[in-house]
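S.K.: got a structure for you, letters missing:
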């Protein structure tokens, strides 16, 4: 069984993230989505638990997608869960430059046990990021093009527009 880890903060999970999960689930036996807190980004819109609940709801019917919370280095989480690779989504050239360095470090720290596989989001999601979604949302604009209705509803509840 080939397992891969898809780590990220997913705050919130976007249709771009979901597109990467769907691609990975077609390619691998099991995709483990690791919801992590990025120490560089502060507390975020949703707690780790809230993000996990949303993602579990989104993937409750997919038998080969598992959701966990994790902390520390993604490569350590991958080794702990016996994953052969870490999945990363690419949107732009700047993502590529960052990911090349990250994959080299992860390969070195894991003693060549964990590879990195980059997947490209479909063209409709190439420029969608959680940060962009939060910014558009804070401006009071519709984010339904960028997030699943389940996620949008949770965002509206956070804003106090839905009780």
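M.R.: That came through, no problem. Since the model is a prediction, treat every value here as computed from it, not as a measurement.

S.K.: who are the packing partners of the helix or strand hosting residue 102?
M.R.: Element membership for residue 102, per DSSP states H and E: helix 93-109. Counting contacts by 3 or more CB pairs under 8 Å, 6 or more residues apart in numbering; DSSP states H and E, helix 93-109 is packed against helix 74-80, strand 85-90, strand 115-120. The way it works is simple: take the backbone N, C-alpha and C, and place the C-beta from them, glycine included.

S.K.: got the angle for the last one vs helix 93-109?
M.R.: Read that as strand 115-120. Angle, strand 115-120 to helix 93-109, by axes from the mean of the first three to the mean of the last three CA atoms, to 10 degrees: 160 degrees.

S.K.: low pLDDT regions in the protein?
M.R.: For the chain, the stretches flagged by pLDDT under 70 are 41, 161-163.

S.K.: in it, which spans are helices?
M.R.: 15-27, 48-58, 74-80, 93-109, 130-138, 149-159 (DSSP state H).

S.K.: okay if I get those helices as TSV plus distance to residue 6?
M.R.: TSV is the format used below for those (distance: least, CB to CB, whole Å):
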stretch	distance to residue 6
helix 15-27	6
helix 48-58	10
helix 74-80	9
helix 93-109	13
helix 130-138	14
helix 149-159	16
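
S.K.: of all the ones you listed, which lies closest to residue 3?
M.R.: Nearest to residue 3 among those is helix 74-80 (8.7 Å), distances taken as CB to CB.

S.K.: residue 154 against residue 45, yeah?
M.R.: No - applying CB atoms under 8 Å as the test, residue 154 and residue 45 come out as separate, 9.2 Å apart.
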